[in-house]
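Trainee: Below: sequence and its predicted model.
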Amino acid sequence: MKPQIYTEEEHQINQEHVDPNALEVIFRLKQGGHSAYLVGGGVRDLLLQRTPKDFDISTSAKPEEIKQLFGKRCLLIGKRFRLAHIRFGSQILEVSTFRAGDPESTSLIVRDNHWGCADEDVLRRDFTINGLFYDPTTRTVLDYIGGYEDLKRRMLRTIGDPHIRFKQDPVRMIRLIKFRARFDFEVDHRTEKAMVQCKEEIMKSAPARVLEEIFKMLESGSSANFFALMLQYDFLDILFPCFHHFFSGSFSDVAYHYLKIIDQIHQEQSLLLDRSILLAALVFPILEQELITLSEDRQMPMTFGDIVHLSQSLLRGISTSSFTHFPKKILSTTHFITILQYRLTPLNNKPRFQTKFPSHEDFALSLQFLKLRSMINPKLKKVYVDWKNAREALAQ
């Protein structure tokens with residue numbers, strides 16, 4: 001299968017925007033007699049005039065041959081999906097060998113170490129917009145599957161039969177929603193129909209992979225759009241019933257407000273929020289509404305002990321009902337962040353709610369979450385500044 005080749009004049013990728021370490025890896029692989037390309041999301045983002053987060057490389061070199069070329073800088077990882085990680089200081093570049101196999105098999109992909117060539121490898125990928133190869137030596141884009149035109153049309157389409165692609169790897173459905181949320185692309189009708197019909201297949205995925213995709217979207221600056229689409233296509237109900245109930249209920253505006261603030265922070269800052277803060281942004285508004293409801297039912301204020309118990313119960317319920325398994329460390333830190341909000345901003349001003357300035361290791365995260373809340377409720381800005389100043393004074 002011959003690719004459509006797009007010249008530098010046509011694709012207008014500025015090679016100065018390609019990571020120099022990625023270029024070094026590709027040039028060295030080619031000097032070693034192998035073909036090598038920049039692939040996947042990095043090429044897509046360069047064509048969209050965006051800054052890529054990752055610069056993944058695919059090559060005809062087998063893992064052991066990559067190791068031979070790069071020596072101690074190269075670490076081979078994985079048994080079912082063999083990859084090479086090449087280290088440049090703290091940076092790691094991922095290099096994969098071209099894969100082959102039956103792209104029409106409906107079996108769940110659990111092992112993928114059958115080596116192939118570039119035109120076979122592209123058929124193993126998920127969407128046409130992620131199936132483009134960039135050759136920095138000729139400064140050309142190679143397109144085997146019509147991804148270049150789909151990118152220009154802002155269209156999401158699977159490579160091959162969408163039913164088969166989603167059954168091979170159900171996480172592709174979450175990734176489809178992710179790309180639609182990030183880029184505001186249209187979805188090919190056949191692809192969208194298959195996703196709706198195959199949505200229950202997501203339960204065959206590895207929970208850890210699904211959770212990682214969720215956290216990546218919470219860090220992406222497009223989480224509000226993502227959760228709205230997850231709700232629309234019923235994946236929120238399948239994977240996170242507790243969140244589905246809140247995002248589809250009468251307090252959905254509150255839930256989305258927190259996500260929009262998270263998106264604003266990630267769009268304006270280069271640093272990512274701690275994942276415990278991201279989970280707290282989903283949990284805290286639910287806790288807040290439940291406390292209000294319980295307080296009205298009891299017709300008396302809630303004690304701090306009540307708050308601790310309710311937070312524990314809520315997190316336990318979310319954890320047990322969800323398809324994914326949240327790490328214990330993230331759950332415990334999220335619990336601390338949520339309950340400490342009621343020390344920082346007590347339900348009332350009675351003395352029992354006052355406390356000495358905390359020295360807990362996770363207090364900084366709680367203060368950061370209070371700052372996030374102050375972006376939603378301006379009345380909390382002075383409270384945040386007072387606590388921030390007190391903490392700085394204590395540190396002196």
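Mentor: Arrived safely. Residues are numbered from 1 along each chain as shown.

Trainee: Give me the domain ranges for this protein.
Mentor: Here the domain parsing of the chain from automatic domain parsing is 1-153, 274-395.

Trainee: Residue 188 is nearest to which of those domains?
Mentor: For these, the distance to residue 188 is smallest for domain 1-153, at 8.2 Å, taking CB to CB. Where C-beta positions appear, they are placed from N, C-alpha and C, glycine not excepted.

Trainee: in what helix or strand does the residue positioned nearest the centre of the chain lie?
Mentor: By CA atoms, centre = their mean, the mean C-alpha position of the chain lies nearest to residue 216, the distance being 1.5 Å. In the assignment (DSSP states H and E), residue 216 maps to helix 207-218.

Trainee: Which elements pack onto whichever helix or strand comes after that helix?
Mentor: Per DSSP H and E, helix 207-218 leads on to helix 223-232 as the next helix or strand towards the C-terminus. When contacts are defined as 3 or more CB pairs under 8 Å, 6 or more residues apart in numbering; DSSP states H and E, helix 223-232 packs onto helix 171-183, helix 235-239, helix 241-247, helix 252-268.

Trainee: how much space between residue 7 and residue 39?
Mentor: Distance of residue 7 to residue 39, given as CB to CB, to the nearest Å: 19 Å.

Trainee: Looking at the two, which is more packed in?
Mentor: Higher neighbour count among residue 7 and residue 39: residue 39, with 27 against 11, using other CB atoms under 10 Å.

Trainee: which one is that one nearest to, not counting chain neighbours?
Mentor: Leaving out its chain neighbours, the residue that sits closest to residue 39 by CB to CB, 6 or more residues apart in numbering is residue 58, at 4.5 Å.

Trainee: Spit out the contact partners of the one you found.
Mentor: The contact partners of residue 58, taken as CB atoms under 8 Å, 6 or more residues apart in numbering, are 36, 37, 39, 95, 96, 97, 98, 118, 121, 133.

Trainee: so which of the residues you listed comes closest to residue 151?
Mentor: Using CB to CB, residue 133 comes nearest to residue 151 of the contacts of residue 58, at 13.4 Å.

Trainee: secondary structure element for the closest one?
Mentor: Assigned by DSSP H and E, residue 133 belongs to strand 132-135.

Trainee: Please list the residues outside the next helix-or-strand element following that strand that contact it.
Mentor: Proceeding N to C from strand 132-135, the next assigned helix or strand is strand 140-143, under DSSP H and E. Identification of contacts with strand 140-143 by CB under 8 Å, 6+ apart yields 3-8, 10-11, 13, 37, 43, 47, 118, 131-135, 148.

Trainee: Direction included, what does strand 140-143 pair up with?
Mentor: Using DSSP bridges, strand 140-143 pairs in its sheet with strand 4-6 (antiparallel), strand 132-135 (antiparallel).

Trainee: rounded to a whole number, what's the mean pLDDT of the longest one?
Mentor: With pLDDT averaged residue by residue, strand 132-135 scores 98.

Trainee: CA atoms only for that strand - export them in PDB, please.
Mentor: Extracted C-alpha coordinates of strand 132-135, given in PDB (Å, rounded to 0.1, in the frame of the first residue of the first chain):
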ATOM      1  CA  LEU A 132      -0.200  10.100   9.900                       C
ATOM      2  CA  PHE A 133       3.600   9.700   9.800                       C
ATOM      3  CA  TYR A 134       6.100  12.600   9.600                       C
ATOM      4  CA  ASP A 135       9.600  12.000   8.100                       C
END
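
Trainee: what about the nearest residue to residue 371 once chain neighbours are set aside, neighbour count?
Mentor: Leaving aside its sequence neighbours, residue 371 sits nearest to residue 384 (CB to CB, 6+ apart; 5.2 Å). For residue 384, the count of nearby residues is 20 (other CB under 10 Å).

Trainee: pLDDT score for residue 384?
Mentor: Among the per-residue scores, residue 384 holds a pLDDT of 93.

Trainee: Distance check, it against residue 390.
Mentor: 11 Å.

Trainee: Equivalent analysis for residue 13, please.
Mentor: Relative to residue 390, residue 13 is positioned 51 Å away (CB to CB).

Trainee: contacting residues around the helix or strand containing residue 329?
Mentor: For residue 329, the enclosing helix or strand under DSSP H and E is helix 328-344. By CB under 8 Å, 6+ apart, the residues outside helix 328-344 that reach it are 274-277, 279-280, 283-284, 287, 304, 307-308, 311-312, 315, 319, 353, 355, 358, 360, 362-363, 365-367, 369-370, 373, 383, 387.

Trainee: Now which of those would you call buried?
Mentor: For these, a burial check counting by 16 or more other CB atoms under 10 Å picks out 274-277, 279-280, 283-284, 287, 307, 311, 315, 358, 362-363, 365-367, 369-370, 373, 387.
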